[in-house]
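>>> Provided below are the primary sequence and the corresponding predicted coordinates.
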Amino acid sequence: MNISINASFLPHVDAEESLAFYTEVLGFELRLDVGSGRMRWLTVGPVDQPDTSIVLTPAITDPTISETEREVIESLMAKGSYAGIVLASADVDAVFAEVEAEGAEIVQEPMDQPYGLRDCALRDPAGNMIRIQQRS
């Protein structure tokens, strides 16, 4: 069986803020921009990996979600507990220095984890947790 990851999904609260973060801070390219306003989906990905994408979706589009559910989702997003993704780099320390210089919200500076990885963590504008680990 030959299966690969094509796309992962992360919610956004503000499409323009998320687009700026993923293209200007992380250096990804915009591949698709669909819809408008609160119903806007953005597909971004690493320039040198055309078959791997992140789809940034409106956080809450289901009309059957109650106000209480909406508040819970927004609260979890703000804490970075709702969604996340793990990225990898050949030089996590250099990437960290770049994203920190761009003003990204830092959660954890690069460190060697007890389970054998070196990584750092930050949040995107919607609060999604992004971990960047050292590629071995």
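Nice, thanks for sending it over. Numbers count the residues shown, from 1 in each chain.
>>> top helix in this protein by residue count?
helix 67-79 (DSSP state H).
>>> what residues of that helix count as buried?
For helix 67-79, burial by neighbour count (16 or more other C-beta atoms under 10 Å) applies to 73, 74, 77. For the C-beta atoms, the positions are set from N, CA and C on the backbone; glycine is no exception.
>>> please apply the same query to stretch 99-112.
99, 104, 110.
>>> coming back round to it: could you give the average pLDDT over the longest helix of the chain?
The average pLDDT within helix 67-79 is 88.
>>> and for stretch 29-38?
Rounded mean pLDDT across stretch 29-38 is 93.
>>> what does it rub up against?
Residues from elsewhere that reach stretch 29-38 (C-beta atoms under 8 Å, 6 or more residues apart in numbering): 19, 23, 40-47, 53, 58, 61.
>>> just these: which are in helices?
Among those, the members falling in helices (DSSP H) are residue 19.
>>> which pair in the contacts of stretch 29-38 spans the largest distance?
When C-beta to C-beta is used, the two most widely separated members of those are 47 and 61, lying 28.7 Å apart.
>>> helices along the protein, start to end?
Using DSSP H, helices in the chain cover 15-20, 67-79, 92-101.
>>> ok, and what's touching the lowest-mean-pLDDT helix or strand in the chain?
Using mean pLDDT, DSSP states H and E, helix 67-79 stands out as the lowest-scoring helix or strand of the chain, at a mean of 88. With C-beta under 8 Å, 6+ apart as the contact definition, helix 67-79 has outside contacts at 11, 13, 59, 60, 65, 82, 83, 126, 127, 128.
>>> chain center to it, what's the gap?
Remark: helix 67-79 is offset 18 Å from the chain centroid, using C-alpha atoms, centre = their mean, to the nearest Å.
>>> picking up where we left off before, what's the closest of the contacts of helix 67-79 to residue 119?
When the contacts of helix 67-79 are compared for distance to residue 119 (C-beta to C-beta), residue 128 comes out closest, at 15.7 Å.
>>> what's the neighbour count on the closest one?
24 (other C-beta atoms under 10 Å).
>>> picking up where we left off before, now the helices of the chain as CSV including distance to residue 135?
Below are the helices of the chain laid out as CSV (distance: least, C-beta to C-beta, whole Å):
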stretch, distance to residue 135
helix 15-20, 24
helix 67-79, 28
helix 92-101, 8
